[in-house]
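Asks: Provided below for reference: sequence and predicted model.
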Amino acid sequence: MPPKKLTSKALEALGTERLAELLLELAQEDAATRRRLRYALAQTGGTDELAREVRKRLAAMRRARSFVDLRRAGQRDRRLARLRVPRGLPGPAAGPP
């Protein structure tokens, strides 16, 4: 019987190949998911690769010419906050690895 709740254990049961397929489908439909996956992959390449991805994103935001109203400004701030210290990397207070 399939599990009724979405939990990490239930998703682990799908296996890595199926999860990768599902993530790729989501990434094709959603730019934010695509960026998060690129950041996660960049983390595996070290801080230089992650910094390159963050610089690319900041440059794209700098080039954008659309008007940002107050409702969208909060979304933009949350996206910027996610760029600060990705999960799995030490923060500035942690010092050198």
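Replies: Received the coordinates, thanks. Residues are numbered from 1 along each chain as shown.
Asks: Go ahead and flag the most central residue of the protein.
Replies: residue 36 (1.7 Å; Cα atoms, centre = their mean).
Asks: who's in contact with that one?
Replies: residue 82 (Cβ atoms under 8 Å, 6 or more residues apart in numbering). All C-beta spots, glycine's among them, are computed from the backbone N, C-alpha and C.
Asks: which secondary structure element contains it?
Replies: helix 31-44 (DSSP states H and E).
Asks: Can you give me the buried ones in that helix?
Replies: 35-39, 42-43 (16 or more other Cβ atoms under 10 Å).
Asks: separation between the closest residue to residue 13 other than its chain neighbours and residue 10?
Replies: Ranked by Cβ to Cβ, 6 or more residues apart in numbering and with sequence neighbours excluded, the top spatial neighbour of residue 13 is residue 3, at 7.6 Å. Between residue 3 and residue 10 the computed distance is 4 Å (Cβ to Cβ, to the nearest Å).
Asks: One more: residue 29?
Replies: Taking Cβ to Cβ, one finds residue 29 at 22 Å from residue 10.
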